[in-house]
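Next come a sequence and a model predicted from it.
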Amino acid sequence: MKMGKIDRYKGALLGVAVGDALGAPLEFLSASEIQRKYGTVREMIGGGWLCVEPGEVTDDTQMTLAVAEGIVESPDDPEQAVGRNFLRWFKTAPKDIGGTCRAVLTSMRYQMDADTAAWLRASERTDRETGGWTAGNGALMRTVYPALYYHRDKALKVAASVARLTHWHEASTKSVLWYTDAVNAIVNSDWPVGKAKDQAEAIMHDARTMLGKECPEPTGYSLDSLVCAMNAVRGTDSFEDALVYAVNLGGDADTIGAITGGLAGAVYGAEAIPPWWVEALDKQPNQEIVQMFYAGTGKDGGCLADRLMALAHIACAHQESM
């Protein structure tokens, strides 16, 4: 079965959000703890250490929105606009923020209009001060929109530069580039599902080689997270099953869910996402995040799913105009 192009664009963005929301209550639990407490989680249950509402998203989707809105605002050189969005979000005291992002954003908190060079200095300094501990998945989780908005070369360039605003480590950058390349190729193809999955595996083959293991633990390390997401998509036959597989691994469940959701959404398209998962995104906390990034337009950004679909249409139209 072949996917329509816009269906894959919408699937990739919606997939990030539903994967994040499905996995958020399971973060930091082991797979066995999830089984004992819930059985196999297939619904938006809410709760967890963040006390999220069923369907509430976390920093994975929030930072994805920050990137997307920054690109739409300043498509030629989006890094400064993206950085400004990161800081606007950071100043709302979000429920969850990764350690690397927190360190860089704290150092940049008084520099709302900082240029890219200032961000890169802060990112490199954080990497140096932490002894190279900026290889986490906090850049990978938010990287889907450059893959949608730009043609391949520009997508890779922007994805890498936006990643390095906070995550300096080479492993993070490589993970972002492999993921971006795979999503960009799939959404701009007419490949049926099977070929899309095969092509994703081929593009990201070096991630498995670099990691050196087929079934990593679901940690916050960027390569672990990427390969877990690859396994979830490769080892299942539907969007729903891929997400269920991913989040029930536990560990960094929201982020691995978001990464899996973006890739599986590109493979299967938005029509394959269970509508009750999408409907669950219609929560007040999610609407507040949308409106924060939409402020100043004089319009209502609407609910999260609507804004993500609008951003998908913007990206698809931009691709087709080039």
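Yep, it's here. Keep in mind the model is a prediction, meaning the values are calculated, not measured.

Show me what counts as buried in stretch 82-98.
Within stretch 82-98, the residues that count as buried by 16 or more other Cβ atoms under 10 Å are 82-87, 89-90, 94-98. In this view, the C-beta of every residue, glycine as well, is placed from N, C-alpha and C.

for the record, mean pLDDT for it?
The average pLDDT for stretch 82-98 rounds to 97.

And for stretch 22-41?
In this model, stretch 22-41 has an average pLDDT of 98.

which outside residues touch it?
Outside of stretch 22-41, the residues within contact range by Cβ atoms under 8 Å, 6 or more residues apart in numbering are 44-50, 52, 56-58, 243-244, 246-258, 277.

Only the buried subset of those residues, as a PyMOL command please.
To isolate the buried members of the contacts of stretch 22-41 in PyMOL, using 16+ other Cβ under 10 Å:
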select buried, resi 44+45+46+48+50+52+56+57+58+243+244+246+247+248+249+250+251+252+253+254+255+256+257+258+277
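
Lowest-scoring secondary structure element of the protein by mean pLDDT?
One helix or strand of the chain scores below all others by mean pLDDT, DSSP states H and E: helix 284-294, with a mean of 91.

May I see the buried residues of that helix?
In terms of neighbour count (16+ other Cβ under 10 Å), helix 284-294 has its buried residues at 285-287, 289-290, 292-294.

can I get the CA coordinates of it in CSV?
Written as CSV, here are the backbone C-alpha positions of helix 284-294 (Å, rounded to 0.1, in the frame of the first residue of the first chain):
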residue,chain,number,x,y,z
GLN,A,284,-5.3,22.2,28.2
PRO,A,285,-1.6,21.9,29.0
ASN,A,286,-0.9,21.0,25.3
GLN,A,287,-3.0,23.9,24.1
GLU,A,288,-1.0,26.3,26.3
ILE,A,289,2.3,25.2,24.7
VAL,A,290,0.8,25.7,21.2
GLN,A,291,-0.4,29.1,22.0
MET,A,292,2.9,30.2,23.5
PHE,A,293,4.7,29.5,20.3
TYR,A,294,1.8,30.9,18.3
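
And the furthest pair within the buried residues of helix 284-294?
Maximum pairwise distance in the buried residues of helix 284-294, criterion Cβ to Cβ, is 15.1 Å, between P285 and Y294.

low-scoring stretches of the stretch 201-322 of the chain, by residue?
295-298 (pLDDT under 70).

at 90 instead, please
293-302, 320-322 (pLDDT under 90).

Let me see the ranges of the helices in it.
The residue ranges that make up the helices of the stretch 201-322 of the chain, judged by DSSP state H, counting those that start in this stretch, are 205-211, 222-234, 239-247, 253-268, 275-280, 284-294, 304-321.

who wins for proximity to L148 among those?
Of all those, it is helix 304-321 that lies closest to L148, at 4.0 Å by Cβ to Cβ.

I'd like to know which elements that closest one is packed against.
On a contact count with 3 or more Cβ pairs under 8 Å, 6 or more residues apart in numbering; DSSP states H and E, helix 304-321 meets helix 5-23, helix 59-73, helix 144-149, helix 284-294.

now the angle between helix 284-294 and the longest one, please.
Put plainly, it is helix 5-23. Angle of helix 5-23 versus helix 284-294, following axes from the mean of the first three to the mean of the last three Cα atoms, to 10 degrees, is 130 degrees.

buried set for helix 5-23?
Quick answer for helix 5-23 (16+ other Cβ under 10 Å): 5-23.

Quick check: next helix or strand after it?
Remark: after helix 5-23, the chain's next helix or strand is helix 31-38, criterion DSSP states H and E.

Tell me what angle that next one forms with helix 239-247.
Here helix 31-38 points in a direction 110 degrees away from that of helix 239-247 (the same axes, to 10 degrees).
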